[in-house]
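1. sequence-free structure coming up:
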């Protein structure tokens, strides 16, 4: 019998069954991403996703529960960069950065991680934000995602505070607010989509600005 993993996905069962389920999930989320971006969330139906993915509607509903469930998993996969059932904050490279004794190196590392996440998720964030304007369930999902983002960014501020690395007079809560603003999807969209910055320029700017705002001046 299948059980639920940490992300709520089915685990267990036969190896062949797991492989088929994983392929079906990948097909559905890939088709959904294309349709959401082309048509918008409201105009995309589960039936259209089913047809585009080649996965029967009944299977789509069994695996995801609803159209919003598909968007939620699509966001999960886009944030992590894979479909492994391990939260980003618990992954070894993130834990290593949180323990890094060099705060500038740590912030540079997180700027790189944030840049990659934003590149993968910014279009989906726009879709969810638009859907939240008229769909209470989408609004609840958006609020949940914001809480997850807050908690992840608070880990960075907390690590800097415990190491005594914050610039004089800057409290941990204020540091978390600065990180929240600079690492926001809105700032990413403004600079990369509206102002045409390349990923490398955004990543370097984010690393330098985080260090400048959070850490004492060098020397």
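-> Great, that's in hand. Here the structure is a predicted model, which is why all the values come from computation and not from measurement. Numbers count the residues shown, from 1 in each chain.

2. What residue spans form the domains of the protein?
-> 3-80, 88-214 (automatic domain parsing).

3. So what would you say the end-to-end distance of the longest one is?
-> The one in question is domain 88-214. 23 Å (CA to CA, to the nearest Å).

4. how far is that domain from where the chain is centred?
-> Offset of domain 88-214 from its chain centre (CA atoms, centre = their mean, to the nearest Å): 10 Å.

5. next one: the shortest one
-> The chain centroid and the centroid of domain 3-80 are separated by 17 Å under CA atoms, centre = their mean.

6. hey, where'd the helices end up in the protein?
-> For the chain, helices defined by DSSP state H occupy the ranges 15-39, 46-53, 57-64, 67-80, 92-98, 103-132, 136-162, 172-182, 185-189, 199-214.

7. can you redo these as a markdown table with mean pLDDT and distance to residue 86?
-> (Glycine included, C-beta is placed from N, CA and C.) Formatted as a markdown table, the helices of the chain follow (pLDDT from 0 to 100; distance: least, CB to CB, whole Å):
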| stretch | mean pLDDT | distance to residue 86 |
| --- | --- | --- |
| helix 15-39 | 90 | 15 |
| helix 46-53 | 97 | 25 |
| helix 57-64 | 96 | 20 |
| helix 67-80 | 92 | 8 |
| helix 92-98 | 93 | 9 |
| helix 103-132 | 94 | 14 |
| helix 136-162 | 95 | 14 |
| helix 172-182 | 97 | 22 |
| helix 185-189 | 96 | 23 |
| helix 199-214 | 98 | 24 |
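
8. Perfect, I'm done here.
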